[in-house]
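Student: sequence unknown, structure follows:
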Ligand SMILES: NC(=O)CC[C@H](N)C(=O)O
């Protein structure tokens with residue numbers, strides 16, 4: 001009696017330490033070099049893959065069923081998937097979802113993103129937790145020909161994300177207006193009582209669409225400017241508030257453009273709100289330092305404590321760098337911390353409407369606990385209209 005031959009692996013993942021995982025390839029063929037991170041979200045693989053902050057990263061999902069809800073353009077956080085590739089436990093099945101307009105595998109193949117299925121993602125996640133986010137090469141070849149030694153050497157030779165400036169690569173190149181509000185939970189911010197919208201300039205370092213929707217729904221007329229816009233270019237729009245977006249790469253590598261622009265804005269008494277990379281760059285502009293984390297935070301269930309109200313929020317997270325709270329200068333208050341590891345998750349400037357958070361109040365995917373931050377930004381701009389100050393104090 002003969003048994004069926006074991007199918008030849010059509011994809012493999014080589015870690016810089018020499019560990020190799022074999023599996024079944026899907027999506028695009030070819031090879032990519034990246035940092036490997038794990039994401040613990042149970043939903044939202046499409047939002048995760050299209051979040052521009054994942055540039056130069058491969059994501060391994062701890063949730064085993066990825067692909068089963070298919071793909072819909074409504075869930076794109078950017079025009080294309082940005083994560084270089086994904087690692088999953090089960091091979092993606094055909095989608096079963098009334099919203100699906102396509103399947104994950106075809107979408108990834110058309111957009112040049114590599115997938116590997118059949119991987120022991122628990123073992124891989126444990127390895128990432130122990131050694132920190134490793135450098136990897138992910139390859140997909142239907143013929144199953146892999147030069148493992150060359151892949152390991154390429155992973156070892158890759159310089160990684162520290163010092164890597166990616167924000168200007170994923171940014172828009174032209175300014176544009178964003179008018180679309182939230183479609184997923186339209187009443188989130190109530191009705192804006194202001195007769196005219198707040199003029200907000202949003203700097204695009206890799207902005208997720210749901211951030212722009214959240215700003216619009218909280219009463220803003222949003223003009224999006226490229227990452228390299230100068231303070232003069234920002235101020236030419238006469239904004240009532242400036243928003244600093246999320247984005248990929250090392251915040252400290254944006255010192256040639258974003259940090260000096262933010263420093264110049266801080267000279268003005270203007271509401272500023274930052275998210276994730278925007279939070280880190282604001283901290284740098286205020287004189288603090290950022291550090292690379294071990295394996296970072298990537299998920300949709302991260303508890304964060306608001307230090308001023310004592311409330312705990314369950315948040316969406318995606319970051320591999322963090323603000324070193326020990327370096328926050330006098331007058332800059334740590335407003336939020338991670339309940340997983342105590343790392344900094346938010347700051348504000350005392351008595352000024354300047355604040356930022358490390359996590360993602362726009363969710364997509366994730367819980368909506370932190371949506372109040374968009375209201376706080378709108379309140380800060382409203383207070384300016386009314387000639388009051390201190391509009392970033394806790395509202396609830
Ligand atoms: N989501 C983000 O904006 C990520 C910020 C930064 N690239 C980090 O990894 O920490």
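Tutor: Arrived safely, thanks for sending. The structure displayed is predicted, hence computed values, not measured ones.
Student: outside of the host helix or strand of residue 201, which residues touch it?
Tutor: According to DSSP states H and E, residue 201 maps onto strand 198-204. Under the contact criterion Cβ atoms under 8 Å, 6 or more residues apart in numbering, strand 198-204 has outside partners 171-172, 178, 211-212, 215, 219-227, 229, 234, 237-245, 258, 261, 278, 378, 381-382. For every residue, glycine as well, the C-beta is placed using N, CA and C.
Student: now with 6 Å, please.
Tutor: 171-172, 215, 219-225, 234, 237, 239-245, 381 (Cβ atoms under 6 Å, 6 or more residues apart in numbering).
Student: just the ones of these in helices?
Tutor: 215, 234, 381 (DSSP state H).
Student: near the ligand, which residues of the protein show up?
Tutor: Residues of the chain found near the ligand (Cβ under 6 Å from any ligand atom) are 53, 246-249, 276-277, 318-321.
Student: and of the residues you listed, the nearest to residue 297?
Tutor: Residue 297 has its nearest neighbour among these in residue 319, at 5.7 Å by Cβ to Cβ.
Student: elements contacting the helix or strand hosting that closest one?
Tutor: Element membership of residue 319 [criterion: DSSP H and E] is strand 312-324. Judged by 3 or more Cβ pairs under 6 Å, 6 or more residues apart in numbering; DSSP states H and E, the packing partners of strand 312-324 are helix 277-285, strand 289-306.
Student: mind listing what the longest one pairs with, with the direction of each?
Tutor: The strands that strand 289-306 pairs with in its sheet are strand 312-324 (antiparallel), strand 332-338 (antiparallel) (by DSSP bridges).
Student: in a markdown table: those, plus mean pLDDT and mean neighbour count.
Tutor: Listed next are the strands paired with strand 289-306 as a markdown table, based on pLDDT from 0 to 100; neighbours: other Cβ atoms under 10 Å:
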| stretch | mean pLDDT | mean neighbour count |
| --- | --- | --- |
| strand 312-324 | 98 | 22 |
| strand 332-338 | 98 | 20 |
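Student: chain center to the strand holding residue 319: distance?
Tutor: 10 Å (Cα atoms, centre = their mean, to the nearest Å).
Student: likewise stretch 183-192?
Tutor: On Cα atoms, centre = their mean, the centre of stretch 183-192 falls 22 Å from the chain's centre.
Student: picking up where we left off before, so which of the helices and strands packed on strand 312-324 is nearest residue 90?
Tutor: strand 289-306 (19.2 Å).
Student: can you list the domains in this structure?
Tutor: 11-157, 167-385 (automatic domain parsing).
Student: now the ones you listed as TSV including distance to residue 4?
Tutor: Converted to TSV, these look like this (distance: least, Cβ to Cβ, whole Å):
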stretch	distance to residue 4
domain 11-157	15
domain 167-385	38
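Student: secondary structure class for residue 126?
Tutor: helix (DSSP: H, G, I helix; E, B strand; the rest coil).
Student: state the distance from it to residue 62.
Tutor: 10 Å (Cβ to Cβ, to the nearest Å).
Student: dihedrals phi and psi, the residue sitting nearest the centre point of the chain?
Tutor: Most central in the chain under Cα atoms, centre = their mean is residue 53, positioned 4.1 Å from the mean C-alpha point. Main-chain torsions, residue 53, degrees, to the nearest 10: phi -70, psi -10.
Student: what's near enough to touch it?
Tutor: Residue 53 neighbours (Cβ under 6 Å, 6+ apart): 206, 246-248, 318.
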